[in-house]
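>>> Sequence first, then the predicted structure:
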Amino acid sequence: MKLTTITHVSVDGVMQGLGGSEEDRRGGFERGGWALPLFGGEAESYLGEVFGRADAFLFGRRTYEIFAGSWGAMPDFEDNPIAGPLHRRPKYVASTTLTEPPWANTTVLTGDTADAVRALKAGSEGELQVHGSGVLVRWLLAQGLVDEITLFTYPVVVGQGVRLFPDAGPDAALDLVASRSTPEGIAIGVYRPGGRPEYAGA
């Protein structure tokens, strides 16, 4: 099973609280909801296609709880291109503290997380998707478990908040697989990890 990550970021790399003002206020974040005014049309259609091809989902605990409280609480989900797949397909959560997941069809990964993810990847064909879950995404990349990265980059500088990649961390080369942009200015890039980057003069 191919493991893909799908992340929405601002131009300055912020991924916190994109959906609403109260979605994620940790650290005193006050600029939530920055993505929604720009999201729609082509970006919405493309994201629906992404969710539609998922065979299973993998989350960190924080993103899982946000999704469960929004998409998981949607009563009429069958025809929704995002909520439908989320409800119907298996969901896995990498967490050492979640014991009673509130969303049906959810499994909490126990024991060695890397081994559990490798077992999921080896178990069947298809696509295992990670949405949001920045801490988990960085860890998966460090473990060499990510096959493909999709970034939705929004034309806004948020100026504060949790970023997908911190100021200091491991480096990685990315090979561009596909790209497109929407009339609203959202740049969508699909990448594959390409090992260590090359540096001039090294």
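In hand now; what should we look at? Numbers count the residues shown, from 1 in each chain.
>>> Going by C-alpha atoms from here, please, whenever you check contacts or count neighbours.
Noted.
>>> list the buried ones in the least confident helix or strand in the chain by mean pLDDT?
In the chain, the helix or strand scored least confidently by mean pLDDT, DSSP states H and E is helix 61-70, which has a mean of 90. Neighbour-count burial for helix 61-70 flags 61-65, 67-68 (criterion: 16 or more other CA atoms under 10 Å).
>>> What does the pLDDT read for the most centrally placed residue in the chain?
Closest to where the C-alpha atoms of the chain average out (CA atoms, centre = their mean) is residue 131, at 2.2 Å. On pLDDT, residue 131 comes in at 95.
>>> helix/strand/coil for the closest residue in space to it that isn't next to it in sequence?
Taking CA to CA, 6 or more residues apart in numbering, and ignoring the residues beside it in sequence, residue 131 has residue 6 as its nearest neighbour in space, at 5.0 Å. Of the three states, residue 6 takes strand under DSSP: H, G, I helix; E, B strand; the rest coil.
>>> Quick check: residue 14 touching residue 155?
No. In this structure, residue 14 is not within contact of residue 155 by CA atoms under 8 Å, at 11.6 Å.
>>> If you count surrounding residues, which of the two has more?
Remark: of residue 14 and residue 155, residue 14 carries more neighbours, 24 against 16, as counted by other CA atoms under 10 Å.
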